[in-house]
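>>> have a look at this prediction, sequence included:
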Amino acid sequence: MYTANAVSRLGTFIDDRIVDPLSSSIGRMDARRKVLTLLVTTIIIYGPAIAYFLSDTSIQYDYDIYQERTQTIIDGGLLYRDVHTETPPLINFILVPAQLLGGEDSAYVWGAYEAAFAFLLACLLYFATRRWDETKAFYLGTMALLCPFLLIESATGEDGAIVAFMFFAGAVSMLHEKRYAAVAITLGVWTKMWPVLMLPIELMRNKGWKRRAEVIVLATIITLVIALPFLVLCYDEFVEFLSFYFLNDPSRPSGGRSMWNFLRDGGYGVPSMIELTLVLGALLAAYLYSNHRGWSTWKSITFTMLVFILFYPKMHIGYYVMPFVLLSAWAVSDWRMTVRLFAAYIPITFSGGFASDNPDPILASSDGGWFVGLLLVLIGVLLICDAARIAFRSEPFMVSCTKRLDQGTI
């Protein structure tokens, strides 16, 4: 009882002394000032982080891979055939401007390029949700920008910000019930895999077989336009990529910061086919359950993403950006969720120090490091799931505001 009262008093203090004055100040800002604030925040936070992480050239990041692939495109070469490529084609074309802007000679260009997409993501979320609540929309964009998973991805020149931008371009198209949402989702799929999780939700969202057929036709046409040139020019290499990327590769069954990776490190892994079956089965259950409950699009996407990160065997640090930002649509109204989401970053990021694929692990898997890594990942994921537990008692502010408008209560 005492603890509950203390937490209640803390919440009241935060609301009265921090949230309310801050909301009042933000409420007086026009859209131009809010965007400028997001830009300045990007420069102040991402600039020093980029300078810190990319100054050490002895650490291996992925931008050298991006340099090779983008230079191949610039020189008129072909992905998959002329350069080893494990990602969909669009992400490599999106990265070409960074190479042209000096990425061949400077690692900082890759960090700055990714930071620009982090800023664009914040602006996308703000402008896409401000029709429902101006202040909370700005908070949502700000939380995305401050997401520690996104910050680290961008500061090290990884492509997480681009992936997140493309994912949420599809998500907000669905949120606004746009008929071209299938286009945004499919373009996102051919950038990185994540938006494919939204396609079944988009199909269920559209009522009637005519609308659903339209989604399928649009997705198929875009897929053919993107994939057909590679199927014609480098069939074997492109099919090999598709098999690895979408159907799983037994030689690389798990990785990164996932519980399945640490269980495998400890000798308790399961066959890759079982892992894949678990992922597909869990996703099917998530789609059916969210549809049965009649949840909103955003809530359904969030639930599906949470199920995916629990069962997908190859979770890297940047993948946690998506559940963080999705849950931020609730966290802007509840500081308890905000604390949990930011706190989850600490154990998840430190778990990487105990992975077997770490060149210099804090504690080797053979000495019990796998168990420490597993414990840290579970703590981080449980914090995210606990934030979701709080969130799923209601709908995100975009939906709840719409309902109140329909009811005439605001």
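The structure has been received and is ready for your questions. Remember, it's a predicted structure, so these values are computed and weren't measured experimentally.
>>> OK, contacts around the spatially closest residue to Ser154 that is not a sequence neighbour?
Once flanking residues are discounted, Ser154 sits nearest to Glu114: 3.9 Å by CB to CB, 6 or more residues apart in numbering. In this view, the C-beta of every residue, glycine as well, is placed from N, C-alpha and C. Contacts of Glu114 were listed using CB atoms under 8 Å, 6 or more residues apart in numbering, and they are Glu153, Ser154, Ala155, Gly157, Glu158, Asp159, Gly160, Ala161, Ile162.
>>> my guess is the second one contacts Tyr46. True?
So the one you mean is Ser154. Yes - between Ser154 and Tyr46 there is a contact at 5.9 Å, judged by CB atoms under 8 Å.
>>> the more surrounded of those two?
Shown here are Ser154 and Tyr46; by other CB atoms under 10 Å, Ser154 has more neighbours (35 against 23).
>>> which SSE is the more buried one in?
helix 148-155 (DSSP states H and E).
>>> just to revisit the earlier point, tell me, what's touching Ser154 and Tyr46 both at once?
Shared contacts of Ser154 and Tyr46 (CB under 8 Å, 6+ apart): Gly111, Ala115, Ala118.
>>> just the ones of those in helices?
Among those, DSSP state H puts Gly111, Ala115, Ala118 in helices.
>>> contacts only, for the closest residue to Gly77 other than its chain neighbours.
Setting aside the residues directly before and after it, Gly77 is nearest to Val83 in space (CB to CB, 6+ apart), at 6.5 Å. Residues near Val83 by CB under 8 Å, 6+ apart: Glu68, Arg69, Thr72, Gly77.
>>> ok, so of those residues, who is nearest Ala331?
The shortest approach to Ala331 among the contacts of Val83 belongs to Arg69, at 35.8 Å (CB to CB).
>>> near the residue lying closest to the closest one once chain neighbours are set aside, how many other residues are there?
In space, and not counting its chain neighbours, Arg69 is closest to Asn92: 4.8 Å by CB to CB, 6+ apart. Using other CB under 10 Å, Asn92 has 23 other residues around it.
>>> element containing Asn92, please.
Under the criterion DSSP H and E, the helix or strand holding Asn92 is helix 89-94.
>>> following that helix, which helix or strand comes up?
Remark: after helix 89-94, the chain's next helix or strand is helix 96-98, criterion DSSP H and E.
>>> roughly how far is that next one from the heart of the chain?
21 Å (CA atoms, centre = their mean, to the nearest Å).
>>> now do stretch 360-376
Distance, centroid of stretch 360-376 to centroid of chain: 26 Å (CA atoms, centre = their mean).
>>> likewise for stretch 205-222?
25 Å.
>>> stretch 304-314 now?
Mean-position distance between stretch 304-314 and its chain equals 12 Å (CA atoms, centre = their mean).
>>> cool, and stretch 299-311?
11 Å.
>>> over to stretch 296-307?
Here stretch 296-307 shows a centroid-to-chain-centroid distance of 13 Å under the convention CA atoms, centre = their mean.
>>> who touches that stretch?
Where contact means CB under 8 Å, 6+ apart, the residues beyond stretch 296-307 that reach it are 171, 174-175, 177, 197-198, 201, 205, 282-283, 285-287, 289-291, 295, 322-323, 326-327, 329, 384-385, 388, 391-392, 395-396, 398-399.
>>> what do you get for stretch 28-36?
The contact list for stretch 28-36, computed with CB under 8 Å, 6+ apart, reads Ile26, Thr37, Cys123, Tyr126, Phe127, Arg130, Phe138, Gly141.
>>> show the pLDDT at the residue nearest to Gly77.
Val83 is assigned 96 on the pLDDT scale.
>>> how far away is it from Cys234?
Val83 sits at a distance of 11 Å from Cys234 (criterion: CB to CB, to the nearest Å).
>>> now Thr142
43 Å.
>>> next one: Arg32
The gap separating Arg32 from Cys234 is 47 Å, by CB to CB.
>>> part of a helix, is Leu197?
Yes - Leu197 forms part of a helix when assessed by DSSP: H, G, I helix; E, B strand; the rest coil.
>>> all the strands of the stretch 101-250 of the chain, residue numbers only.
Counting by DSSP state E, counting those that start in this stretch, the stretch 101-250 of the chain has no strands to list.
>>> which residues of it fall in helices?
Per DSSP state H, counting those that start in this stretch, the stretch 101-250 of the chain carries helices over the ranges 107-129, 134-146, 148-155, 160-175, 181-189, 199-205, 209-233, 235-247.
>>> including distance to Met305 and mean pLDDT, could those helices go into JSON lines?
Below are the helices of the stretch 101-250 of the chain laid out as JSON lines (distance: least, CB to CB, whole Å; pLDDT from 0 to 100):
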{"stretch": "helix 107-129", "distance to Met305": "16", "mean pLDDT": "97"}
{"stretch": "helix 134-146", "distance to Met305": "15", "mean pLDDT": "96"}
{"stretch": "helix 148-155", "distance to Met305": "13", "mean pLDDT": "96"}
{"stretch": "helix 160-175", "distance to Met305": "9", "mean pLDDT": "97"}
{"stretch": "helix 181-189", "distance to Met305": "13", "mean pLDDT": "96"}
{"stretch": "helix 199-205", "distance to Met305": "11", "mean pLDDT": "94"}
{"stretch": "helix 209-233", "distance to Met305": "20", "mean pLDDT": "95"}
{"stretch": "helix 235-247", "distance to Met305": "18", "mean pLDDT": "82"}
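>>> between the ones you listed, which one is closest to Ala343.
When the helices of the stretch 101-250 of the chain are compared by CB to CB, helix 148-155 sits nearest Ala343, at 10.0 Å.
>>> list the residues that contact the residue sitting nearest the centre point of the chain.
Nearest residue to the geometric centre of the chain (CA atoms, centre = their mean): Met322, 2.6 Å. Residues near Met322 by CB under 8 Å, 6+ apart: Ala164, Phe167, Trp194, Met305.
>>> what's the distance between it and Ile152?
From Met322 to Ile152 the distance is 15 Å (CB to CB).
>>> and for Thr142?
For Thr142, the distance to Ile152 - CB to CB - is 17 Å.
>>> kindly report the same for Ala219.
Applying CB to CB, the value for Ala219 to Ile152 is 32 Å.
>>> repeat that for Pro323.
Counting by CB to CB, the separation of Pro323 from Ile152 is 16 Å.
>>> just Gly281 next, same as before
Here the criterion is CB to CB. By it, Gly281 lies 32 Å from Ile152.
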